[in-house]
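*Asks:* just to be clear, the model below is a prediction. Sequence and coordinates:
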Amino acid sequence: MRKGIVAAVVLVGLAAVGCGGGGHDSLVVTGTVPATPYAGPLDLPYGTEGDGDARESSGAAGRALECDGAIRAGDAGDSWSKGDGGSTPEEGLEAYFDIYQPELPERGYRVERTQGDRVLFSYDVGGRTKVAVVVARDQPRRPGWGPETSASCDPSEFPASWTKAHGYEIWTDRYGHRVPTTEVSSTAGFEHCDWQSAHFLDLGEHGRQYVRDPRGIFSLDVLTAAYDGDVRMPADARDTGYRYGDRRLWLTPDRRTAYVKTSDGVEAWPAAKPGRIGCK
């Protein structure tokens with residue numbers, strides 16, 4: 001059985017699929033069907049009713065996913081109008097990217113299943129579906145082919161080449177396994193805010209955000225303490241096992257500060273005060 005948990009639409013890892021016609025740089029490619037392709041109906045109910053679970057809201061797209069962890073997102077995207085729909089299923093998939101501009105791979109999809117007026121496109125990594133989009137033809141007030149539902153896994157399940165090129169900093173655990181961005185993630189400060197010198201670390205599991213601020217651009221109105229780039233590791237700090245490059249994350253029981261150990265020493269990243277950091 002497929003191990004699917006729903007998520008917003010995802011594109012397939014090019015190296016994961018044996019591509020034939022269409023080429024690796026095409027939106028839609030040909031390739032070998034996975035050992036366990038989605039075999040269910042493509043016209044499943046979808047929407048925001050019920051328990052609000054992404055799996056339910058994204059219909060067949062959510063059920064077609066094969067995520068290792070929880071799905072990233074699931075959505076009903078059936079809002080194309082006259083002039084948006086395409087004349088082929090492939091153009092319906094193109095319409096999905098044109099209308100919603102999702103932050104997802106834009107090359108390497110393949111047809112996983114066709115059923116009547118619906119086609120399931122999948123983006124696979126290692127033979128497992130990480131992004132799924134169902135396009136439909138001639139729906140009420142929506143002529144032509146267009147996106148009906150979509151779902152995707154966490155970006156950590158996308159190819160490393162894609163996440164790196166799109167600015168994702170994917171951390172690993174002590175065993176080298178990529179960690180979901182919902183568990184731990186980091187990013188450089190936004191350039192449009194003039195925060196380039198800062199770095200942000202988010203621990204979704206604990207609801208905390210920590211800030212590396214070597215230039216002191218944030219005041220103590222925003223941070224719980226000042227950043228310190230050279231500290232002694234506290235005796236009660238413990239290695240979380242999280243790694244990114246040469247950074248190693250250590251935390252104390254109170255979690256007020258993130259201690260980041262590098263080849264140069266130990267840095268103290270203070271926690272941000274909830275709701276206080278904002279780009280003006």
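*Replies:* Structure's in. What do you need?
*Asks:* for the residue nearest to the spatial centre of the chain, give me its contacts.
*Replies:* In the chain, the residue lying closest to the centroid (C-alpha atoms, centre = their mean) is Pro155, at 3.1 Å. The contact partners of Pro155, taken as C-beta atoms under 8 Å, 6 or more residues apart in numbering, are 72, 163, 166, 168, 170, 181. (Each C-beta comes from the backbone N, C-alpha and C, glycine too.)
*Asks:* among those residues, name the ones in strands.
*Replies:* Arg72 (DSSP state E).
*Asks:* between the contacts of Pro155, which has the most around it?
*Replies:* Ranked by the number of neighbours (other C-beta atoms under 10 Å), the contacts of Pro155 place Arg72 first, at 28 neighbours.
*Asks:* for the residue lying farthest from the centre of the chain, helix, strand, or coil?
*Replies:* Largest separation from the mean C-alpha position in the chain: Ala235, at 35.6 Å (C-alpha atoms, centre = their mean). In the three-state summary, Ala235 is assigned as coil, counting by DSSP: H, G, I helix; E, B strand; the rest coil.
*Asks:* got the CA positions of stretch 246-256 in CSV?
*Replies:* Output for stretch 246-256, consisting of C-alpha atoms alone and laid out as CSV, is shown next (Å, rounded to 0.1, in the frame of the first residue of the first chain):
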residue,chain,number,x,y,z
ASP,A,246,29.6,22.7,10.1
ARG,A,247,26.8,24.0,12.5
ARG,A,248,25.8,21.8,15.4
LEU,A,249,22.8,22.7,17.5
TRP,A,250,22.9,22.4,21.3
LEU,A,251,20.1,23.4,23.7
THR,A,252,19.7,23.9,27.4
PRO,A,253,16.6,22.7,29.2
ASP,A,254,15.1,26.2,29.3
ARG,A,255,15.6,26.6,25.6
ARG,A,256,16.1,30.4,26.0
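*Asks:* so how far is that stretch off the chain centroid?
*Replies:* Its chain's C-alpha centre lies 24 Å from the corresponding centre of stretch 246-256 when counted by C-alpha atoms, centre = their mean, to the nearest Å.
*Asks:* next, the buried residues of that stretch.
*Replies:* Burial within stretch 246-256, assessed by neighbour count using 16 or more other C-beta atoms under 10 Å, is assigned to 247-251.
*Asks:* in strands, which of these appear?
*Replies:* For the buried residues of stretch 246-256, secondary structure assignment (DSSP E) places 247-251 in strands.
*Asks:* hmm, back to that, ok, the contacts of Pro155 vs Gly146, which is closest?
*Replies:* The shortest distance between Gly146 and any of those, using C-beta to C-beta, involves Arg72 and amounts to 22.1 Å.
*Asks:* make JSON lines from the buried residues of stretch 246-256 and add distance to Ser263 and pLDDT to it.
*Replies:* Listed next are the buried residues of stretch 246-256 as JSON lines, based on distance: C-beta to C-beta, whole Å; pLDDT from 0 to 100:
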{"residue": "Arg247", "distance to Ser263": "9", "pLDDT": "97"}
{"residue": "Arg248", "distance to Ser263": "10", "pLDDT": "98"}
{"residue": "Leu249", "distance to Ser263": "15", "pLDDT": "98"}
{"residue": "Trp250", "distance to Ser263": "15", "pLDDT": "98"}
{"residue": "Leu251", "distance to Ser263": "20", "pLDDT": "97"}
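*Asks:* quick one: which of the residues you listed is nearest Gly62?
*Replies:* The closest of those to Gly62 turns out to be Leu249 (C-beta to C-beta; 31.9 Å).
*Asks:* excluding chain neighbours, what is closest to that closest one?
*Replies:* With sequence-adjacent residues excluded and distances taken as C-beta to C-beta, 6 or more residues apart in numbering, Leu249 is closest to Tyr242, at 4.2 Å.
*Asks:* and Arg174, how far is that from Ala268?
*Replies:* When C-beta to C-beta, to the nearest Å is the yardstick, Arg174 and Ala268 sit 22 Å from each other.
*Asks:* quick one, strands of the protein?
*Replies:* When assigned using DSSP E, the strands of the chain occupy the ranges 71-76, 110-115, 118-125, 128-139, 142-153, 185-188, 199-203, 208-212, 238-244, 247-251, 257-262, 265-270.
*Asks:* and these: which comes nearest Ile277?
*Replies:* If you check each of the strands of the chain against Ile277 by C-beta to C-beta, strand 208-212 wins as the nearest, at 7.5 Å.
*Asks:* using PDB, list the CA coordinates for that closest one.
*Replies:* The C-alpha atoms that make up strand 208-212 are tabulated as PDB, following Å, rounded to 0.1, in the frame of the first residue of the first chain:
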ATOM      1  CA  ARG A 208      10.800  28.900  19.100                       C
ATOM      2  CA  GLN A 209      12.800  31.200  16.800                       C
ATOM      3  CA  TYR A 210      16.400  32.100  17.400                       C
ATOM      4  CA  VAL A 211      18.500  34.800  15.800                       C
ATOM      5  CA  ARG A 212      22.100  35.100  14.800                       C
END
